[in-house]
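Trainee: structure of the sequence below:
(one chain, ligands or ions: 1)
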Amino acid sequence: MHRPALPALNASRRNLLRASLAGLGSIGLGTLPPVAIPAAAAAAPDLSKLQRVKQTLVAPPFAPEHEQTAGAEPKIIEVTLDIVEKKMVLDDEGTEVWALTFGGSVPGPLIVAHEGDYIEVTLRNLPTNTMEHNIDFHSSTGALGGGALTHVLPGEQAVLRWKATKPGVFVYHCAPGDVMIPYHVVHGMNGAVMVLPRDGLKDAAGQPYRYDKVFYIGEQDFYIPRDEQGNFKKYEMAGENMAEALEVMRKLIPSHVVFNGAKGSMTGDNALKAKTGEKVLFIHAQANRDSRPHLIGGHGDLVWEAGSFNDKPDTNLETWFIRGGSAGAMAYEFQQPGVYAYVNHNLIEAVMLGATAHVVVEGEWNDDLMMQVAKPEAFTM
Ligand SMILES: [Cu+2]
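Mentor: Below you'll find the model as predicted:
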């Protein structure tokens, strides 16, 4: 496979780093057949007239600043994604993971574009990192979602441009090869892209639908090894848990299923905030494992369950399904003040493993929708 010359790293260091990943076996996607990547110059489109815009990415649960509708001319949206290997705490018991992240957060930041736009991603593997990484955009077309064109070692960067041809919400994730694919994904290395139709979202009747805010939720299953006493093990550096983590992963039983990187990341003092009458678009991404979001005390007014904005949304759902390896979107207009819990309605995962967020909603209570007719009290038969 052709790779461009790499001035930053000499061949021996690249080989050393690659060798450190060898010997892990060839399960997973298996050995890929050799495929020539066509020379870019032959068919490179002339995009010189298109406006270039830099998108400043923000950490979840927020979305970068964006317009919901766009003009006729597509743009080139430039984003920089820094790969950061970092120690993160997963719960209030101090359980640690050396997370592999895009942008320093789990999930990585949401990227927003419109159908027909080009996304030009500069993927930088920080020199302080220890591993090879890349990026597979489910929203893109070709070369393993860009994965084949973006392998970067510590200290390297690659630039990938892809055209947003499918409107919807999509997962992106690291996929460096073989067991490294699930290993990186379940250490946090995934995020989401939202590609809006140029004229914005439509409700089930085909009418324009505008949201007031976005909550971006990435659900993450972690597989933290335990010591002989059953306590979660701690490690000195990223990758050190490799053999033990792969053993836990093989059993398919996560130790943690959390939203936005940690149990409690959006509960209590960290709760999400909204007002009655506000329309909130919830984006739920799960790069590895199925989930079933539910808003306790509300509904999914409009649900693009499989994530495609070309499809008519489902309406008024109680619980919806997120296929592992996909993102979905749900829009809800809050009707009542109070605390809502947004959960994975596998309630074991919500309550015991961490997949719960809170939304605190301000506004006027509506007695017609609900009222406490009598307080709890003892009764006689
Ligand atoms: Cu990676």
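Trainee: got a list of what the spatially closest residue to Val152 that is not a sequence neighbour touches?
Mentor: Nearest in space to Val152, with sequence neighbours left out and distances taken as CB to CB, 6 or more residues apart in numbering, is Asn125 at 4.1 Å. Glycine gets a C-beta too; all of them are placed from N, C-alpha and C. Taking CB atoms under 8 Å, 6 or more residues apart in numbering as the contact definition, Asn125 lies against Ile83, Glu132, His133, Val152, Leu153, Pro154, Gly155, Glu156, Gln157.
Trainee: can you rerun that using 10 Å?
Mentor: Going by CB atoms under 10 Å, 6 or more residues apart in numbering, Asn125 touches 81-85, 131-134, 150-158.
Trainee: can you confirm Val84 is in a strand?
Mentor: Yes. Under DSSP: H, G, I helix; E, B strand; the rest coil, Val84 sits within a strand.
Trainee: against Lys312, how distant is Gln207?
Mentor: Applying CB to CB, to the nearest Å, the value for Gln207 to Lys312 is 12 Å.
Trainee: again, but for His294
Mentor: Noted for His294: a distance of 21 Å to Lys312, by CB to CB.
Trainee: higher neighbour count, those two?
Mentor: His294 (22 against 14; other CB atoms under 10 Å).
Trainee: next up, phi/psi of the residue lying closest to His187 once chain neighbours are set aside, please.
Mentor: Of all residues not flanking His187 in the chain, Leu100 sits nearest, at 4.4 Å (CB to CB, 6+ apart). Phi and psi for Leu100, reported as degrees, to the nearest 10, are phi -110, psi 120.
Trainee: from the ion, how far out is Leu100?
Mentor: 5 Å (CB to the ion, to the nearest Å).
Trainee: doesn't Asn134 make contact with that residue?
Mentor: No. Counting by CB atoms under 10 Å, Leu100 does not reach Asn134; the two are 11.6 Å apart.
Trainee: need the residues touching each of those two.
Mentor: Residues touching both Leu100 and Asn134 (CB under 10 Å, 6+ apart) are Ile83, Cys174, Pro176, Met180, His184, Met189.
Trainee: neighbours of His187, how many?
Mentor: 25.
Trainee: what's the spacing between it and Ala148?
Mentor: 21 Å.
Trainee: would you say Leu246 is within a helix?
Mentor: Yes. Under the criterion used here (three-state DSSP), Leu246 sits inside a helix.
Trainee: okay, now it: neighbour count?
Mentor: Other residues near Leu246 number 16, with proximity taken as other CB under 10 Å.
Trainee: got the phi and psi for Leu295?
Mentor: Per degrees, to the nearest 10, the backbone of Leu295 is at phi -100, psi 110.
Trainee: these two touch, right, it and Met330?
Mentor: Yes. Here Leu295 reaches Met330: they are 7.7 Å apart, a contact under CB under 10 Å.
Trainee: quick one: which of those two has more around it?
Mentor: Neighbour comparison, Leu295 and Met330: the larger count goes to Met330, with 27 against 24 (by other CB under 10 Å).
Trainee: grab the nearest non-local neighbour of Leu57.
Mentor: Pro109 (3.7 Å).
Trainee: and the pLDDT for the one you found?
Mentor: Pro109 carries a pLDDT value of 98.
Trainee: isn't it up against Ala59?
Mentor: Yes. Counting by CB under 10 Å, Pro109 touches Ala59, with 6.3 Å between them.
Trainee: common neighbours of those two, please.
Mentor: Contact criterion CB under 10 Å, 6+ apart; residues shared by Pro109 and Ala59: Gly103, Tyr216.
Trainee: of the two, who's got more company?
Mentor: Neighbours were counted for Pro109 and for Ala59 using other CB under 10 Å; Pro109 has more, 26 against 16.
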